[in-house]
Each structure stands twice: as structure tokens, then as C-alpha cells.
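>>> turn this into a structure:
(chains A and B)
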Amino acid sequence: MADLSIELVKAKEEIEAYARDYGLDFFQTIFEVLEFDELNQVAAYGGFPTRYPHWSFGMEYEQLAKGYEYGLSKIYEMVINTDPCYAYLMKSNPLVDQKLVMAHVYGHCDFFKNNAWFANTNRKMMDEMANHGTRIRRYVDRYGFDVVESFIDTCKSLETMIDPHGEFTTNQPELQRAPSLLENQNDNDDWGETRHTVSKLKSKDYMDSYINPPEFLEEQRQKAIKKQKESMKFPQQSTKDVMGFLIEYGSLNKWQRDILSIIREEAYYFLPQGQTKIMNEGWASYWHSTMMTQKILKDSEVIDYADHHSGTLFTSPGRLNPYKLGIELFRDIEERWNKGKFGAEYEDCLDLREKRQWDKKLGLGRKKIFEVRRVYNDLMFLDEFLTPEFCIDHKLFTFGYNPKSKNYEIFSREFHKIKQGLLHALTNMGRPIIVVEDANFENRSELLLKHTHEGVDLKIDWAKDTLKNIFEIWKRPVNLLTVFSGKEKIISFNGKDHREKAFQKETKSDT
Amino acid sequence: MALKIEQDYNRFKQIVRGKIKQDLRKYMSSGEMIGKKGKDLVSIPIPRIDIPHFVHDPNQNKGVGQGEGDEGTPIGPGEGDEGQGQGGNAPGQHFLEVDVTLDELAKILAEELELPNIEPKGQKRNIASAKEKFSGIHRSGPESLRHFKRTFREALKRQIATGTYDPDNPVIIPFREDRRYRSWKLVPQPAANAVIIYIMDVSGSMGNDQKEIVRTESFWIDTWLKSQYKGIESRYIIHDAAAREVDSETFYHTRESGGTIISSAYKLANKMIHEDYIPSEWNIYVFHFSDGDNWSGEDTELCFKLLKDHMLKSINLFCYGQVESQYGSGQFLKDLKVNMDGIDNLITSKIDNKEAIFDSIKTFLGKGK
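Down below sits the predicted model:
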């Protein structure tokens, strides 16, 4: 890792000053210049060169290195959400690219520091990752490479099973306790059977058989039994944080528990970056564009800048470019709030021409986008600010797979479908929603996971392999309730083979 | 410069190697690998090496895109049925292409088929190259070869001997005389000469499917023998009623019609060996692929005579591979088995379909000749 050259130091100071003038607020930012292979390495490790050893990073590296070798892809920059913020520059890039990247990086740093969804991330993650690495290496020394590696494979398979809103709910596995015998002792008589006290309605003796008839009492009794069953159900509330649940209640050794919690911690660390991809890239692109065109660019650099800027914002039909979508939405919001195109008066206006020419000269745009970058994540961002006009202007459409032609095809250009599609892709970060429903399924301490079907089936072969991996941790049969080809099914793995059975109504609790 | 990622990268390659080994039979029966052959590398598409997660079925997933086009405009190919299609720019499963060197591939092949290394015959008189081997330590040499550990050990010995070593302040400073350098000697690398003669029946009854099998099989034979001999030669003979020598391109793509006289090819091969390759100096391999239909029993007799009296005496190995075809009678293989039983360097194999290539190669090369 080389120190910054004199001209890069100068550029950095200049750009940092501009960024502050524009009101960006960021942690101290440290730039490092890396050769291409070093940068590919850092990128393969997700930005943390200190990470634990695992072949999947090697695979990532192979892909990056090949992409670079064949001239298909090139990493311009990498920035890490830490305090101080680390950013890596590619050595071979010309100065104008480095300036663009620096301006872009300050946008990211501002976002990391100020966006609410990043508020609880560990800003000392560089050290934490190194600690994780050390711990895992120690386990490798003690228990053997193969054992630890295959356990990491198992854990990584569950990586996606965390709760995106975990930090805002009380429904966390560590806060739930298994119902213990002690707590329920009062309800139990000497035989271990439960007495159900039925509360009668208040009545005079002679009215009792009318006010509290036997049917009513029976009904009350059933209610009480159900209530008690529910309190015996575990977990009482189903939880999305499957990893967390398994850490607490899985059948694991101490070192295995530690590794699983390392993988979970890192998954939570990277979570907000996944939740704010569009906003984060949009915000950074907005600022590199603003700063470069208004302040930084020299005449001789304009063409190169335009070339690379448009390269970043390039869209191809089948892929939505988060940079492009983000920057355009931020610009749209800025314009709308500058002109006052919001609120009831604007919404209720039915004259399209008037709407197009709407301009109240409010000038609130800048203020609004700073507010947006503070409180929103991608899901809320699109829910709130995607307008029909925007979809038309930017030629958005939904597409899907057509089994007849074996192609992906354009389905629709209707606003509500596009919006639905985007929100669907962003809900739970586009991952299927799967919760721990019952840890004592069929009273055999089997695990029951429940997939909330949202119109798309699971990729079934992967799902089966994942069940196998969960079995490794739970050590008792694992069941997944899902919908497959329109039918409710339970897929289970019992340690030897997979079974599929139709879902029986009796096992249904209250859905 | 050594990167930290090397360790993970090597581990990944090891896993890939395991995957290839596991699915070798499949790769061997598909010709697609040959299509992706470079000079020393083959690219092998590996389908699943990813860690499984709970994900949505990609073919049911809808997405949002941006650009021109009406409803129904195709924007990219789907995943296809058996994972044959490649992702394109649309979301879908991506194949991982890994590069494997041919040497590495031969090693995998050998491990999986349990192929013995070949003990070359010949005088090994031809010295192909001399290789340096670092084998000793000298007192002089280039600085780039300085042996740090030895140098410091010498310095330590000297300092202890002269009493200038202080255990509390263990500073060791090597002098010029302490320096030690790695030294090497040249090890001659004898090379054994080898030639492969491929013979193929191109009569009307050998169709494209049969030829594809021959092509795939000879790719694997080439890969293995090339790993055993440096500078191997390949010669190609095609025959129907008459035989002629061709280049490899023609060999794999010609289709002729007409009858089959196998002896013509054996005569040509004998002539080739006689003129160009001295049997005591050369390791000679002959592979003959046919559908087993010969013109007459008489000619078959002649073939056996040619094999017994000339060819088999001078070569390492004669392999006859009979490819199943709907026109061929397959008589030649039966005759060979009856008449030539017990001859050590003649191996026959029946290749019914692509899946049989794996076993056929094991039969051919399993003897270590």
C-alpha cells in the first residue's frame, strides 16, 4: 500500500473542502492506493483485508480477477463504513478518475455517518473483523481445518436469515425464554396436569345456570386451554432472526456457537448497506456529479469525466442500475421540492399542463434531500418518492420469465405494477421471508420454519440443501412449511433424507 | 508479491479440483470441454459451488428494468431446462468457468481412473533439456541467491567462537566471509520419444455421433499421453477401402462412403513406423477406431497377420476401440478377441455410447504401457 502521491493529496484536500462547503458531514477519511490485485483482494474480502479465512472469498477473488484480466470489469473504488472511513483507490486510474472517486467517496462517508439505518453499526468493524479472524484461526488450530471450514459453510448458508428490523423490535431470540417448568408450577397440580380455572360471570345463585350455562363454561375452558397452549408454544412469537434463535437454542459446542455468532454479527453489519444500496449509490453519485461539474473539473478533463460518469450510470434492459435510479430520484426530489410539486394542492390538481409547469419557487430541494438521506432506506424511499411521471420519464418496466419463449420479457409499464415490483424486490431485501414458527413441532422437538409465500416459490433444491445445513445445527428433524406449485407443503429433513408431505390442517395453529 | 487471499484462493481451487474429479465421468462424455481448449488450459464450466441459501426461484421472479421496448419484448434468455443456457444479462444462475491446465487435468484423470505412470522404453539418449536444481551451498554467488539463515548461522558461529556474542544483547552482524549462497547443479532431463498413430474408419457407416465419440476419446488420450511424454507426435490415418494419412482437422471431419478394408490402414501404419520411427528409440501407440465392419474374412485374416508379424512387435500398445453404429456388424472385435487372445500389448474396448468413454479409456491406459 503506497502513500498518496503529492497530487492526490492536493486533490483530496481540495475535494474535502468542497464537500464540507456543500454541507456534507463525514468521518475522517483515509485514502489508500492499491494495485489492481490488492484491490481485488480487498473487494473479495468485502472491504476487510483482515477477515477470517474461507474459500468463498477465494472464489470471489477468482471472479474479480478474471473480470479484470479479460477487461470486463474494473473496480474503481471501495469504501468502508468505519470511523475513520477507509477508501481504496486503484493505482492505475488517471487523476480525473481519482478525483471522481474521491468526490463519490465523500458522498458515501456522509451517508454512512448520517443515515439512520447505519446508526447502530459498529464503526470499529476493521478491528472487530480482525478479532473474528483471529478467533476462527484459533479454532482451526484446535479443531482442524476441515471441521471448521465445513461448519463455516453451514453457517454461511444461513447468512440471509436475519431480521432486517431486528434492532427495532423486542422480538429477539435472546429476549425470549423457553417456558420453564418452574414458571408454570403454579398451574400444575401434583400430577403434572393443568387445572384450568374458569372465570364465571358474576350472578345471583338462582340466575347462575342462565348466565353461566354449561356451554359457556366449556367455551371459557377451551379458551383457557388454548391460551395456555400458546404460552407453552415456543417461541411464543415467531422470529425472523433464525440465526439468532439457533445461537440461543441450537445444539452447538461453544466454538460452533461462537462462529455462528461471528457470521451473524457480520451479516448484521452488512445489512444496512444492502438496505440502502439505491440511496447510498444515488447519494454518492449525486455528489460526485455536483462537485465535479460545479467545482473540480478542469477543461481538459471534461470528456474523460463524462465518459466514466456515464459508464457508471449505464443501464441495460434486464438490470436496474442502483446508481442511475438513485441519482435520478434524488434529482427528482430536489426539483419537486424546489418547485413545490408536493402536498395536497399539487396532488389534487387535475390539469396536467398546470402540473407540468408548477413552480412555486420554494427552493426547498437541497434541504429535503439531506432530510431524505437521513431517515429513509430504499424500501421507504421508493414507496414515498416514486411517481408515475418518473416511471414514464425513465422508461421503467417490469419483466419476468416466459416459459414458452424461454426468455425474460417485458411484462408491463403500468405504474402500480412497477412500484409493486420494486417494493417486492426490496422487501426483506428480496429474500424470502422465513421465520422460526415452532421449536417443538409435533411435540418432538423438531424445528418448524414457515415461509410466507408472496407469489414466488422457493428454489427448491437450494431450500433442501439449506434445510440440511440447519439440521447440522438443530440436530433434530427440520421442517419447512412452504407453498410449492400452488400447494401448501411441508418439506423436512431428518438427517438422512428429504421428505415432502401435504400440509395437514391439524398442525395449523391459528393461520 | 504474496497476497493474503492466496490461501483462500488455493483452497477454492482445491475444491474446484474435487468437483471436477467428482463429475469427471460427466465431463468426459461431453465434448464441450474440447471446444474450450486453449493452448495449455481448458475452461470448465462448474455449475453449483455456491453455498445454498433460501432464495426465490429465479424463473418465477419478476424484476424491474429500464429501457425501450413494448410489452413482450424479450430482454434476455432464461435459465433453460437443464441449466444449459447461460445467464446473459438477465438475472439467473451463473456458471463459474474455471481454468484448469492440461497437466492438472491429466493428473485428475490419472487419480480418478487410477492410471499407472508409463515406464518409457528406449535408450533415453535424447537429452531434451537440462534443469537447474538447487542442491548445495557456496561461499560465493549472486546476492539474489543469498541464504539468509545460513549466513546468519555462520555469523553466529563466528561471534560465539570469537567471544563477541552477548546473549543479553543478541545482535548478529554478518561479515563478507559469513555469507552463504545457494548453488545449483544441472540435472539432465532425458526425454523419451513417443508417437501416437490414430487410425479411424471413415466408411459410410461411421456417422457424426460415432466421430464425436472418437474425437472426445482421443482428446483424453492426448491429454494423458502428453502428460507422460514431452514432445509427443501425433499422426492420423483415415481409411475406407484405401488408407491415407491426413492432418487432424481432416481426420475428425471427413466423411467418406464405401466399403472398409482395414488391412489397408495397418499396412500404411506399418510403413509409417518402419520409415520414421525406430522401435528401440520410440514409444509407439496405435489407436484404431472402427465400427467393426470389414470387407471380408480374408482381409481380417490379413489384418491379424500384419498385427502379429509386424506391428505388435515394434510398438508399446495397440488399442482397438469399437464404436457402436447401427450399420456395423461388430464382427472385427469378435474376431480379434478369438484370434489374438493373450497378447499383452493389444487392448480392445467396446464403446457403446458417450458414457462408455470413461471406462474405455480406463481399459486402454490402465496397463501402464
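
>>> domain ranges for the chain?
Picking chain A for this. The domain map for chain A lists A:6-115+A:276-308, A:313-426, A:432-507, with the assignment taken from automatic domain parsing.

>>> wrong chain, I was asking about chain B
B:5-59+B:83-113, B:127-188, B:193-365.

>>> using CSV, please lay out the domains of chain A together with mean neighbour count.
(C-beta placed from N, C-alpha, C; glycine too.) Compiled in CSV, those are given as follows (neighbours: other Cβ atoms under 10 Å in any protein chain shown):
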stretch, mean neighbour count
domain A:6-115+A:276-308, 19
domain A:313-426, 17
domain A:432-507, 17
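
>>> now tabulate those in a markdown table and tack on distance to chain B.
Listed next are those as a markdown table, based on distance: least, Cβ to the nearest Cβ, whole Å:
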| stretch | distance to chain B |
| --- | --- |
| domain A:6-115+A:276-308 | 3 |
| domain A:313-426 | 4 |
| domain A:432-507 | 4 |
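
>>> picking up where we left off before, from the domains of chain B, which stretch is densest packed?
Of all the domains of chain B, domain B:193-365 has the most neighbours on average by mean count of other Cβ atoms under 10 Å in any protein chain shown, namely a mean of 19.

>>> nearest to B:Val187, out of the domains of chain A?
Comparing the domains of chain A by their distance to B:Val187 (Cβ to Cβ), the top pick is domain A:6-115+A:276-308, with 33.6 Å.

>>> picking up where we left off before, redo the domains of chain A as TSV? Include mean pLDDT.
Conversion of the domains of chain A to TSV gives the following (pLDDT from 0 to 100):
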stretch	mean pLDDT
domain A:6-115+A:276-308	92
domain A:313-426	89
domain A:432-507	88
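
>>> B:Arg244: which of the ones you listed is closest?
Counting by Cβ to Cβ, B:Arg244 lies closest to domain A:6-115+A:276-308 out of the domains of chain A; the figure is 41.8 Å.

>>> quick check: end-to-end length of the closest one?
24 Å (Cα to Cα, to the nearest Å).

>>> cool, stretch B:54-73 as well?
Separation of the first and last residues of stretch B:54-73 by Cα to Cα is 30 Å.

>>> likewise for stretch A:482-490?
Across its full length, stretch A:482-490 reaches 6 Å between end residues, using Cα to Cα.

>>> nearest to chain A, of the domains of chain B?
domain B:5-59+B:83-113 (3.3 Å; Cβ to the nearest Cβ).

>>> look at residue 71 and give its secondary structure.
I'll assume chain A. For A:Gly71, the assignment made with DSSP: H, G, I helix; E, B strand; the rest coil gives coil.

>>> other chain: chain B
State at B:Glu71, reduced to three classes by three-state DSSP: coil.

>>> beta-bridge partners for the closest residue to it other than its chain neighbours, please?
The spatially closest residue to B:Glu71, leaving aside those adjacent along the chain, is A:Ile410, at 5.5 Å (Cβ to Cβ, 6 or more residues apart in numbering or on different chains). Listed by DSSP bridges, the beta-bridge partners for A:Ile410 are A:Phe399.

>>> list the contacts for A:Ile410?
Counting by Cβ atoms under 8 Å, 6 or more residues apart in numbering or on different chains, A:Ile410 makes contact with A:317, A:397-399, B:65, B:69-73, B:75.

>>> 7 Å instead, please
Contact partners of A:Ile410, counting by Cβ atoms under 7 Å, 6 or more residues apart in numbering or on different chains, are A:397, A:399, B:69-73, B:75.

>>> the helix or strand hosting A:Ser150 packs against which elements?
Using DSSP states H and E, A:Ser150 maps to helix A:145-156. Contacting helix A:145-156 under the criterion 3 or more Cβ pairs under 7 Å, 6 or more residues apart in numbering or on different chains; DSSP states H and E are the following elements: helix A:125-143, helix A:254-275, helix A:460-474.

>>> which strands and helices sit next to the last one?
On a contact count with 3+ Cβ pairs under 7 Å, 6+ apart, helix A:460-474 meets helix A:145-156, strand A:478-484, strand A:487-493.

>>> against the centre of chain A, work out the most remote residue.
When distances are taken from the C-alpha mean of chain A, A:Tyr206 lies farthest, 63.2 Å away, according to Cα atoms, centre = their mean.

>>> spell out which parts of the stretch 151-300 of chain A neighbour chain B.
For the stretch 151-300 of chain A, the residues found near chain B under the criterion Cβ under 7 Å from any Cβ of the partner chain are A:153, A:156-157, A:159-160.

>>> would you mind giving the secondary structure of B:Val286?
Under the three-state scheme (three-state DSSP), B:Val286 adopts strand.

>>> show me the contacts for it.
Contacts of B:Val286 by Cβ under 7 Å, 6+ apart are B:197, B:199, B:269, B:311, B:315, B:318.

>>> please identify which of those residues is nearest to B:Gln326.
Of all these, the one with the least separation from B:Gln326 (Cβ to Cβ) is B:Ile199, at 21.8 Å.

>>> tell me, what's the model's pLDDT at that closest one?
At B:Ile199, the pLDDT value in this model is 90.

>>> measure it to B:Asp344 for me?
The span separating B:Ile199 from B:Asp344 equals 20 Å under the rule Cβ to Cβ, to the nearest Å.

>>> can you pull the phi/psi pair for B:Met340?
According to degrees, to the nearest 10, the main-chain angles of B:Met340 amount to phi -110, psi 20.

>>> the residues of the stretch 151-300 of chain A next to chain B: which two are farthest apart?
Of all pairs drawn from those, the greatest distance, 14.4 Å, lies between A:Asp153 and A:Thr160 (Cβ to Cβ).

>>> of those two, who's got more company?
Taking A:Asp153 and A:Thr160 together and counting by other Cβ atoms under 10 Å in any protein chain shown, A:Thr160 has the greater number of neighbours (20 against 16).

>>> hang on, that one in a helix?
No: the assignment for A:Thr160 is coil, going by three-state DSSP, so no helix is present there.

>>> residues in contact with it?
With Cβ under 7 Å, 6+ apart as the criterion, the residues that contact A:Thr160 are A:431, B:53-54.

>>> pick the one among those residues closest to B:Phe332.
Where those are concerned, and distances follow Cβ to Cβ, B:Phe332 has its nearest neighbour in B:His53, at 55.1 Å.

>>> three-state assignment of the closest one?
At B:His53, secondary structure determined by three-state DSSP is coil.

>>> ok, now how distant is it from A:Ile473?
According to Cβ to Cβ, B:His53 stands 15 Å off from A:Ile473.

>>> hmm, back to that, take the contacts of B:Val286 and keep only those in helices.
The helices, defined by DSSP state H, take in B:Ala269 from the contacts of B:Val286.

>>> of the contacts of B:Val286, which pair is most distant in space?
With distance counted by Cβ to Cβ, no two of these lie farther apart than B:Ile199 and B:Ile315, which are 12.3 Å apart.

>>> so which bits of the stretch 51-200 of chain B are right by chain A?
B:51-78, B:80, B:89-91.

>>> which of the helices and strands packed on helix A:145-156 sits closest to A:Phe216?
In this view, those are compared for proximity to A:Phe216 by Cβ to Cβ, and helix A:460-474 is the closest at 42.6 Å.

>>> distance between that closest one and the chain's centre?
Mean C-alpha position of helix A:460-474 versus that of the full chain (Cα atoms, centre = their mean, to the nearest Å) differs by 21 Å.

>>> got the angle between that helix and strand A:487-493?
In terms of direction (axes from the mean of the first three to the mean of the last three Cα atoms, to 10 degrees), helix A:460-474 departs from strand A:487-493 by 50 degrees.

>>> fine, thanks again, bye for now.
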